[in-house]
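Asks: Using only what follows, build the 3D model:
(chains A and B)
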Amino acid sequence: MEKAKEAIKENSMIIQKNMLAKQFHELSQARELGRKVVYTFVPGNLTELILSFDMVPVYPEINALQNGMRKKSGSYIKDAEKIGYSEDVCTYVKCDIGMMLNGNIGPTGEKLPPPDLLLLSYTGCFTFLKWFENLEKMYPGVPVAMLHTPYQEDGKIAPEQLSYMVRQLREEVIPKMEQVSGKKYDEARLKTMLKRSAEAEDLLVKILESAKNVPTPIDAYFAGVYYIGPIFTAFRGTADAVEYYTELWSEVQQRMKLGLGPVTPEGEIKEQKFRLVVEGPPNWTNFREFWKIFYDMGAVIVASSYTKVGGVYDMGFRHNPDEPLESLSKYCMGCYTNMNLPQRVSMLEGYVKEYKADGFLINSIKSCNSFSAGQLMIMREIEQRCSVPVGFIESDLVDPRYFSYANIKNRLESYFQMLEQRKAILTEI
Amino acid sequence: MNKYYLGIDLGSTTSKAVIINEKDEITGRGITNTRANYAVAADIAKDEAIYNARFSILKNNLKQEALAKPEYRKYISDLESVFQYEQFRVRLDRLGEELVKTCKSFFKEPEKQEEMLTHLRNIRKAFKPKIKHDYLYNNLGAKNQFFRDIVAEKYNEEVAKLDLHLFEPLMTVWDKSISPAENQKIEFNFRELVYKAMDELRQKYRDLPDTAPEVSVNFDAEMNLLKGNFDKVSDTLRKHIDEVVDLEFNITNMTGTGYGRALLPFPSECIRSEILCHAFGAHAVFPNTRTVLDIGGQDTKAIQVDKYGLVTSFQMNDRCAAGCGRYLGYIADEMSISLNELGPLAMKAEKEVNICSTCTVFAGAELRELTNLGEKRADILGGLHKAIIMRAMSLIARSGGVFNEFTFTGGVARNPAVIKYLTQLVKDNYGNNIVMNIHTDSIFMGALGGAMFARRNINVDLPTAKKIRESTTN
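Replies: This next block holds a predicted model:
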């Protein structure tokens, strides 16, 4: 395997890197600075609300994926298995538990503070419930706030679901936050943040939708996971996030003006042979290798469901300062993994058509039930509705034992040749 | 000059080569076991396919004459068998040298060394005539058995006859010698070998007794065709044979596919995925194919193709190869029978013993346990074969199901019990109207697809598409 070279980075990437470094550094000093720490999850997160109480969020999935990318997850997972976690348990959970067993040293090497509040904004993933039950045992006595997000069983958000959510926020979440932070709920402050959220969200949608251009200036999956980083995590509602997305959008516009393709760790993709829509999270342990298989073969991802895991903004949703708690509730219920399968299928169908994709590919994740359930059905539906070749590969989030380079490359090579053959023949007939 | 195209399918267990002519007709086939040195495996398969192609061309050139004179056909197929024996003999000599070399480096003490060398010589003396006989009289060359397997079987037989204390040293010498011998690239001189084979054949017919011993009626009749007038036939055919010997064999283009394709010394545009090749081959042979199941050594593939032979989706086994060809190989080893005997034995099953098929190694343990419980071998094997097909059915379901027509390819498609259970389960799950295709060349489908890609150079010239183009423009 080739040794990783120094990646080529754009300005926005440097800004993001600094944002993350600053965030982890602040987290390491949270105790000294008297900041309260909230552990919570990415899909349907209440970042603005947390920040409005001057508390700082920690996202266990982000730590796990960062540890995966930094090749630390393998040994954490083994440590979790040593104390009894089964091989079949979600590897994000095991990586997180393993990290805590090893002194809770975060991905950047700085110590993470223990939680002052576990905010379980459960969204579409049953594992989240069990995950925080385990964290509660590891941090005895830590208060837990549970926000139960109803699933969009009927494919829409009903008024009673909305009022149920708002009531939980008012009666459960906010009082717990007031109690932990020692501060009163400040709606005016929350509104200011939500306004900034919507600004950044507008920019993100423009950026993601730039991939409708042929050729596309961005890769909406491998590069996309960087693009969604700040907005899906600790920075939504901050001025930093607005600044980051402003910079990123101007870079993308510049690339469109110059007719440039997506930037990869090895520079710009020169020839875009295939445009794909990808469903499912990426693999993090071998992220660069995985990406390289695609760009080496001229495959660009024009749209993906994973970049909607923290909000389907391109479907029109925006955080709204005029109805702060309602919009937080709608946000939670509207996340990709909280949508029912027919909704997901029609969203992906729309992507294949609107982004003029040549194919649809699923990366099925061993660990992730909330994504993997229904994927074969999704694949069949997309094949029938869009008449594009579909592909299916399997890997894992952060368990390096489940990334089989040879098998994945073999399947992807076959898939790309399949697309190539199809393109060639269809232009002939 | 005639143009020929080569497809090489470098699988995990076997390496296959197919040569086609400009009409997509299979002209030559070659197969060998895949080994550590992939390039050698590919070369052997390729050389075999070219030799086989020369014999096919010879047969084809004499097609008209052979109608009136069936002895011509007999002569040529006999000649090919003996030719294969001549190749075998060269390889056996190389193996002999390797065995002596290993023996000398392994047993330094002169007395011990001499003892072992004597045993080796005796073993070889004992089995060589048997193998020669099998080539000359029992058509061993046409049975697709590999050098390693043929010699190993006889070597083991001879070692088993010796004192038990010799087993380990002699098997060690074997283990250390077979791979280096097998990984040697041997350049054969076709002309020399054919002429040698002709001499050998002349000898065979000269030595034939006036009345053949107990052999089949058909065998007698065929032999008798040549027995009386061998020299005449040989002289008549000599010039045709010379023609084929002198034929400049021009491989215009080639494609490599299969698990080891990346290791083939081909330019990247000549390497294609085995999914596309299997589908293309199967679709070319059976143009109504919509679903292809390929069970190979370590992969099971369910492939859906459209009316043009284009792959629309595929599923492969991931993370585990239980239920593939290697699984059967392992079971055969566990039962101490040859791979070819597995299917026929399973056909004798009166019931199918329930076998958990999730792990090859555990299946071995299950097999021993069931034997202890008194289950019959045939019934256990029936269960095993059924279990393999159940796995394949699940993969097919993942890929979207069986659509009419259904074509089964890969090495495992030669196994009658696999076919039995597959037919049964396809009917049970997808109804009685599914047409199921299995070709005698099923193991060569990937190589055939590769050769067809090579003929088209780029993949835009599919015959079905052309037909459709013509019909739409007319």
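Asks: Contacts only, for the residue of the stretch 51-200 of chain B found nearest chain A.
Replies: Per C-beta to the nearest C-beta, residue B:183 is where the stretch 51-200 of chain B lies closest to chain A, at 22.1 Å. Where you see a C-beta, it was placed from the backbone N, CA and C, and this is true even at glycine. Counting by C-beta atoms under 8 Å, 6 or more residues apart in numbering or on different chains, residue B:183 touches B:35, B:36, B:37, B:40.
Asks: let's see 6 Å
Replies: Residue B:183 makes contact with B:35, B:37, B:40, according to C-beta atoms under 6 Å, 6 or more residues apart in numbering or on different chains.
Asks: Quickly find the element holding the first one.
Replies: So that's residue B:35. Using DSSP states H and E, residue B:35 falls within no helix or strand.
Asks: can you check residue B:421 too?
Replies: helix B:416-430.
Asks: I'd like the next helix or strand past that helix.
Replies: By DSSP H and E, the next helix or strand past helix B:416-430 is strand B:436-438.
Asks: And that following strand, how far out from the chain middle?
Replies: Averaged C-alpha coordinates place strand B:436-438 at 19 Å from its chain's average position (C-alpha atoms, centre = their mean, to the nearest Å).
Asks: Counting neighbours, what do you get for residue B:451?
Replies: 36 (other C-beta atoms under 10 Å in any protein chain shown).
Asks: Which pLDDT does the model give the residue nearest to the spatial centre of chain A?
Replies: Central residue of chain A (C-alpha atoms, centre = their mean): residue A:309, 5.0 Å from the mean position. Model confidence at residue A:309, given as pLDDT, is 88.
Asks: which residues sit against stretch B:436-456?
Replies: By C-beta under 6 Å, 6+ apart, the list of residues contacting stretch B:436-456 reads B:5-7, B:9, B:16-18, B:20, B:24, B:29, B:253-255, B:257, B:272, B:274, B:277-278, B:280-282, B:284-286, B:405-409, B:411, B:413, B:459.
Asks: The nearest residue to residue A:388 once chain neighbours are set aside bridge partners, please.
Replies: Nearest non-adjacent residue to residue A:388, counting by C-beta to C-beta, 6 or more residues apart in numbering or on different chains: residue A:359, 5.2 Å away. Beta bridges link residue A:359 to residue A:276, judged by DSSP bridges.
Asks: likewise the one 4 residues further on?
Replies: Legend: beta-bridge partners of residue A:363 under DSSP bridges are residue A:393.
Asks: Strands of the stretch 251-400 of chain B, residue ranges please.
Replies: Under the criterion DSSP state E, counting those that start in this stretch, the stretch 251-400 of chain B contains strands at B:251-257, B:291-295, B:300-305, B:311-316.
Asks: Which one of those lies nearest to residue A:298?
Replies: strand B:311-316 (18.8 Å; C-beta to C-beta).
Asks: Assign the residue of the stretch 1-150 of chain A found nearest chain B to helix, strand or coil.
Replies: Nearest to chain B, among the residues of the stretch 1-150 of chain A, is residue A:87, at 12.3 Å (C-beta to the nearest C-beta). State at residue A:87, reduced to three classes by DSSP: H, G, I helix; E, B strand; the rest coil: coil.
Asks: what's the closest non-adjacent residue to it?
Replies: Nearest non-adjacent residue to residue A:87 (C-beta to C-beta, 6+ apart): residue A:81, at 6.8 Å.
Asks: about what we covered before: may I see the strands of the stretch 251-400 of chain B arranged in JSON lines, with mean neighbour count, mean pLDDT and distance to residue A:40 as well?
Replies: Output for those, formatted as JSON lines (neighbours: other C-beta atoms under 10 Å in any protein chain shown; pLDDT from 0 to 100; distance: least, C-beta to C-beta, whole Å):
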{"stretch": "strand B:251-257", "mean neighbour count": "23", "mean pLDDT": "90", "distance to residue A:40": "50"}
{"stretch": "strand B:291-295", "mean neighbour count": "29", "mean pLDDT": "95", "distance to residue A:40": "47"}
{"stretch": "strand B:300-305", "mean neighbour count": "26", "mean pLDDT": "93", "distance to residue A:40": "42"}
{"stretch": "strand B:311-316", "mean neighbour count": "24", "mean pLDDT": "90", "distance to residue A:40": "37"}
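Asks: need those strands in CSV with distance to chain A, can you?
Replies: What follows is these, written out as CSV (distance: least, C-beta to the nearest C-beta, whole Å):
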stretch, distance to chain A
strand B:251-257, 10
strand B:291-295, 12
strand B:300-305, 9
strand B:311-316, 5
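Asks: Export the ones you listed as TSV, with columns for distance to residue A:163.
Replies: Shown next, in TSV, are these (distance: least, C-beta to C-beta, whole Å):
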stretch	distance to residue A:163
strand B:251-257	61
strand B:291-295	51
strand B:300-305	47
strand B:311-316	44
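Asks: one step back: just checking, the residue nearest to the centre of chain A touches residue A:336?
Replies: Yes. Look at residue A:309 against residue A:336 with C-beta atoms under 6 Å: they come within range, at 5.2 Å.
Asks: that older thread, can you report how many residues lie near the residue nearest to residue A:388?
Replies: Residue A:359, neighbours per other C-beta under 10 Å, totals 25.
Asks: now residue B:179
Replies: Residues near residue B:179, counting by other C-beta under 10 Å: 14.
Asks: For it, which three-state class applies?
Replies: Applying three-state DSSP: residue B:179 is helix.
Asks: That one and residue A:408: what is the separation?
Replies: 30 Å (C-beta to C-beta, to the nearest Å).
Asks: Equivalent analysis for residue B:353, please.
Replies: Residue B:353 is 36 Å from residue A:408, by C-beta to C-beta.
Asks: repeat for residue A:313
Replies: Taking C-beta to C-beta, one finds residue A:313 at 30 Å from residue A:408.
Asks: Show the contacting residues for residue A:114.
Replies: Residue A:114 touches residue A:139, counting by C-beta under 6 Å, 6+ apart.
Asks: rewinding a little: between residue A:313 and residue A:408, who's got more neighbours?
Replies: Taking neighbours as other C-beta under 10 Å, residue A:313 and residue A:408 compare with residue A:313 leading, 24 against 20.
Asks: wait, isn't that one in contact with residue A:201?
Replies: Yes. Between residue A:313 and residue A:201 a contact is recorded at 4.7 Å, counting by C-beta under 6 Å.
Asks: measure the closest residue to residue A:223 other than its chain neighbours to chain B for me?
Replies: Leaving aside its chain neighbours, residue A:223 sits nearest to residue A:262 (5.9 Å; criterion: C-beta to C-beta, 6+ apart). Per C-beta to the nearest C-beta, to the nearest Å, residue A:262 is found 23 Å from chain B.
Asks: Great, nothing more from me.
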